[in-house]
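*Asks:* Quick one, structure for this:
(2 chains, ligands or ions: 2)
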Amino acid sequence: MSLLEMVAFAAAALRGHRLRAALSVAGVAIGIASVVTLTALGEGARSYVVGEFAALGSNLVIVLPGKVETSGHAPFGGAERELTLDDYRAVAQRVPLVRRAAPLVVGSETVRWGERGRAVPVLGTTAEFAEVRRLRLAAGRFLSPGDPDQGGNEIVLGVKLARELFGHANPLGEAVRVGAWRFRVVGVLAPRGRSLGFDFDDLAFVPARTAMRMFNRASLFRILLDCHRHEDLERVKREVTTLLADRHRAEAVTVITQDAMITAFSSILRALTLALAGIASVSLVVAGVGIMNVMLVSVSERRAEVGLLKAVGASNGQVLTAFLVEAALLSTLGGLVGLGIGVALVRGLVEVFPEFPAVPPPWAMAAALVLAVVVGIAFGVWPARRATAMDPVAALARR
Amino acid sequence: MIELDDVWRTYPVGEVEVHAVRAVSARIAGGEHAALVGPSGSGKSTLLHILGCLDRPTRGRYLFKGREVGQLAEAERTRLRRHDIGFVFQFFHLLPRLTALGNVELPMLFAGVGREERRERAAQALRRVGLERRAHHRPDQLSGGERQRVAIARAVVMSPSLLLADEPTGNLDRSSGGEVMALLEEMNREGLTLLVVTHDPAIAARARRVLRMDDGRLVEEAKGGSPSPPAAGVTGAGDP
Ligand SMILES: Nc1ncnc2c1ncn2[C@@H]1O[C@H](COP(=O)(O)OP(=O)(O)OP(=O)(O)O)[C@@H](O)[C@H]1O
Ligand SMILES: [Mg+2]
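*Replies:* Ligands and ions are numbered 1, 2, ... in the order given. Now for the predicted structure:
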């Protein structure tokens, strides 16, 4: 008896109790649909986040003074004389693959206008920073370009800081004080949110040289590099490392790319997706119990049939297979229907939120289908065994 | 073909043991037509199931074609049921979801006979029982007599050498019962060994040999063909 004949035999048996079969198929379908939908959502979230990161500048290379861990935050006090404006100039000019570079000095100070004041991070940098970080302005302009050593008294305010100090007044051209220093407001940033560990809405930018004097710093906090092409990142990283190693002799710097961060994010979100899929799989177990129930009812309803099959010469193995195939058919059918529903749900979602790149990943669909078949067989074994173990004489006895 | 030597079948029921078959010894030669009679509960079906390899004797020897069946592995017994033994039951036991043809194909399906040959042989078996016009009817579209004839076609489609029938006419009226018996006897004349359990003295009388059971024992053997009033007396009492 071929497997195909066995499938035909089992399918005919299922047609004998359509409603019950349909219900257990529905159970599996719901389980598979939720696995497919949730993994699609998870994967969508992952590629969305990764995509956003890339848009923010995945061509970004960050130079940190000293040997620090890639988690960022260099000690503010220590490792002071390691990264200078001269280093910055060297990197910006002598590494050809670098499109733009910006230095970064970090301090914290109270910015005042008239009676009002607000303590914020004050970042010293150059005009290039706006391009390296793709900053946009709500009003005015960013710091003016020129020799980084020149300093100057221009200041650019984050949108929140501007609102807190000026309310509805126009800050452009106004004079503010930062500690004991006086600045003239030349621009206000567009809302941006957090980036690189700072709230870009609640800080102020001043020229790098000025910031170094103001905070009495000899070293830069970071140098940010923007490469022409993503593929160049590793080379830039190497060249910058050698260049700075030459300049610093013994003192090392750390060069990181944003790639590492994206990879970390990506794997965290993938883990989240798998967790979601795992939770959804629980519903498959429930569906499996449903199949088991249907098969148990089926076996006890068809006692006479089991007895007859044995009387006409079906082996125990054939009886077992017949019932197993029935269970597997139920779950496979459920799996296919569930895949269909899941894909349709995800399509519908993308219709409504086109910017959300939710696509059920092929690996998840394949895994879901395999899982469905396995669930059917696993939960079909016990009922099928009961059929096999049945005494044909008792099974054939008058009902 | 069949040799029974001190065969017992014992069921434990609670504390006590019920002896459904006790110390039965008998021989049935190939090509014979025998009837098995006796009151209800005397062990006829139990004995038939043992002969059909659906059950094993608790004690004693059962030789089928010279092989001791009680000692055979399950796979071997399955092969005997598949190729050498046909069963006909009082309640037909047709699968309701299959057509007459499908039901007759069933033994060949499990025996691995190819699709074409299966169709061919099943159709031929249905013709043999006069039901070629009903091949595509499902059991609920057939009369009792027709159902039993489908069951007979199914029982003989593998060309067994032994046919065991447990009250094949028990659910039929006299005329369709007569047709069914005529069919079985015709097959017997062509060489099929036939053992029929029955409560009907008229049917028992048609057998060349009558085996009578009472309380698990084989109490009497009578040659058929003779008018047999004692058979009528015993079976009449046991008829439900
Ligand atoms: N599984 C079982 N457990 C216990 N006792 C059983 C079992 N099967 C049969 N018996 C007993 O064995 C005896 C013989 O039963 P069997 O079915 O062979 O009788 P029978 O001659 O076929 O009767 P009938 O003419 O009513 O069909 C009965 O007393 C019955 O109660
Ligand atoms: Mg009986």
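
*Asks:* pLDDT at the closest residue to residue B:142 other than its chain neighbours, what is it?
*Replies:* Distances taken as C-beta to C-beta, 6 or more residues apart in numbering or on different chains place residue B:134 nearest to residue B:142, at 6.1 Å, with adjacent residues excluded. Bear in mind the C-beta positions are built from the backbone N, C-alpha and C, glycine included. pLDDT recorded at residue B:134 is 94.

*Asks:* mind checking how far residue B:134 is from ligand 1?
*Replies:* Relative to ligand 1, residue B:134 is positioned 29 Å away (C-beta to the nearest ligand atom, to the nearest Å).

*Asks:* how many neighbours does that residue have?
*Replies:* 20 (other C-beta atoms under 10 Å in any protein chain shown).

*Asks:* residues contacting it?
*Replies:* B:100, B:126, B:141, B:142, B:146, B:150 (C-beta atoms under 8 Å, 6 or more residues apart in numbering or on different chains).

*Asks:* Need the residues that contact the helix or strand that the fifth one is a member of.
*Replies:* Looking back up the chat, that one is residue B:146. Assigned by DSSP states H and E, residue B:146 belongs to helix B:144-156. Helix B:144-156 has contacts (C-beta under 8 Å, 6+ apart) with A:312, B:86-89, B:92-94, B:100, B:103-104, B:106-107, B:122, B:125-126, B:128-131, B:134, B:139, B:142, B:163, B:168-169, B:171-173, B:175-177, B:179-180, B:183-184, B:187, B:192.

*Asks:* Okay, and which of those map to strands?
*Replies:* B:86, B:87, B:88, B:163 (DSSP state E).

*Asks:* from the residues you listed, which is closest to residue A:23?
*Replies:* residue B:87 (35.4 Å; C-beta to C-beta).

*Asks:* Mind listing the residues bridging to that closest one?
*Replies:* For residue B:87, the beta-bridge partners under DSSP bridges are residue B:164.

*Asks:* My guess is it contacts residue A:309. True?
*Replies:* No. The pair residue B:87 / residue A:309 is not scored as a contact, 11.6 Å apart, by C-beta atoms under 8 Å.

*Asks:* Mutual contacts of those two, please.
*Replies:* The contact sets of residue B:87 and residue A:309 do not overlap (C-beta under 8 Å, 6+ apart).

*Asks:* Identify the spatial nearest neighbour of the residue in the stretch 151-300 of chain A positioned nearest to ligand 1, chain neighbours not counted.
*Replies:* Nearest residue of the stretch 151-300 of chain A to ligand 1: residue A:300, at 17.1 Å (C-beta to the nearest ligand atom). Leaving aside its sequence neighbours, residue A:300 sits nearest to residue A:386 (C-beta to C-beta, 6+ apart; 8.0 Å).

*Asks:* quick one: contacts for the one you found?
*Replies:* Neighbouring residues of residue A:386 by C-beta under 8 Å, 6+ apart: A:296, A:299, A:300.

*Asks:* pLDDT score assigned to it?
*Replies:* Residue A:386 is given a pLDDT of 91.

*Asks:* what about it, helix or strand, and which?
*Replies:* Per DSSP H and E, residue A:386 falls inside helix A:362-389.

*Asks:* buried stuff in that helix?
*Replies:* The neighbour-count check on helix A:362-389 (16 or more other C-beta atoms under 10 Å in any protein chain shown) flags A:364-365, A:367-369, A:371-373, A:375-381, A:383-385, A:387-388 as buried.

*Asks:* got it, and stretch B:110-125?
*Replies:* Those would be B:110, B:111, B:113, B:118, B:119, B:121, B:122, B:123, B:125, for stretch B:110-125 by 16+ other C-beta under 10 Å.

*Asks:* With stretch A:217-232 instead?
*Replies:* Within stretch A:217-232, the residues scored as buried using 16+ other C-beta under 10 Å are A:217, A:219, A:220, A:221, A:222, A:223, A:224, A:225, A:226, A:227, A:232.

*Asks:* Not counting sequence-adjacent ones, nearest residue to the fourth one?
*Replies:* In this structure, residue A:221 finds its nearest non-sequential neighbour in residue A:106, 4.3 Å apart by C-beta to C-beta, 6+ apart.

*Asks:* That neighbour - that's part of a strand, no?
*Replies:* Yes. Assessed by DSSP: H, G, I helix; E, B strand; the rest coil, residue A:106 belongs to a strand.

*Asks:* Low-confidence bits of chain A, can you list those?
*Replies:* A:54-58, A:67-81, A:248-252, A:258-260, A:398-399 (pLDDT under 70).

*Asks:* In it, spot the helix with the most residues.
*Replies:* helix A:258-301 (DSSP state H).

*Asks:* between it and helix A:362-389, how many degrees?
*Replies:* What separates the directions of helix A:258-301 and helix A:362-389 is an angle of 20 degrees, with axes from the mean of the first three to the mean of the last three C-alpha atoms, to 10 degrees.

*Asks:* Against chain A, how distant is residue B:116?
*Replies:* For residue B:116, the distance to chain A (C-beta to the nearest C-beta, to the nearest Å) stands at 13 Å.

*Asks:* helix or strand for that residue, which one?
*Replies:* Taking DSSP H and E as the definition, residue B:116 sits inside helix B:115-128.

*Asks:* Contact partners for residue A:227?
*Replies:* Neighbour list for residue A:227: A:59, A:60, A:61, A:97, A:98, A:99, A:233, A:236 [criterion: C-beta under 8 Å, 6+ apart].

*Asks:* Now it: closest residue in space, sequence neighbours ignored.
*Replies:* residue A:59 (4.4 Å).

*Asks:* Tell me which residues touch the closest residue to residue A:371 other than its chain neighbours, please.
*Replies:* Leaving aside its sequence neighbours, residue A:371 sits nearest to residue A:284 (C-beta to C-beta, 6+ apart; 6.2 Å). Residue A:284 is in contact with A:28, A:31, A:32, A:35, A:371, A:372, A:375, counting by C-beta under 8 Å, 6+ apart.

*Asks:* give me the subset of the buried residues of stretch B:110-125 touching chain A.
*Replies:* Restricting the buried residues of stretch B:110-125 to those near chain A by C-beta under 8 Å from any C-beta of the partner chain leaves B:110, B:111.

*Asks:* okay, the buried residues of stretch B:110-125 in TSV with pLDDT next?
*Replies:* Formatted as TSV, the buried residues of stretch B:110-125 follow (pLDDT from 0 to 100):
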residue	pLDDT
B:110	95
B:111	94
B:113	93
B:118	95
B:119	95
B:121	96
B:122	96
B:123	96
B:125	95
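
*Asks:* Farthest pair within the buried residues of stretch B:110-125?
*Replies:* Every pair of these checked by C-beta to C-beta; the farthest is B:110 and B:123, at 18.6 Å.

*Asks:* Which strand or helix spans residue B:5?
*Replies:* Counting by DSSP H and E, residue B:5 is found in strand B:2-13.

*Asks:* ok, that strand near chain A or not?
*Replies:* No. Applying C-beta under 8 Å from any C-beta, one finds strand B:2-13 out of contact with chain A, separated by at least 10.0 Å.

*Asks:* What residues of that strand count as buried?
*Replies:* Going by neighbour count (16+ other C-beta under 10 Å), the buried part of strand B:2-13 is B:2, B:3, B:4, B:7, B:8, B:9.

*Asks:* next one: stretch A:95-107
*Replies:* Buried residues in stretch A:95-107, defined by neighbour count with 16+ other C-beta under 10 Å: A:95, A:97, A:98, A:99, A:100, A:101, A:102, A:103, A:104, A:105, A:106, A:107.

*Asks:* For chain B, state which of these is nearest.
*Replies:* Comparing the buried residues of stretch A:95-107 against chain B with C-beta to the nearest C-beta places residue A:97 closest, at 70.8 Å.

*Asks:* And the strands in chain A?
*Replies:* Counting by DSSP E, chain A has strands at residues A:60-65, A:98-113, A:116-125, A:137-140, A:154-157, A:175-178, A:181-189, A:194-195, A:198-199, A:204-207, A:222-227, A:253-257.
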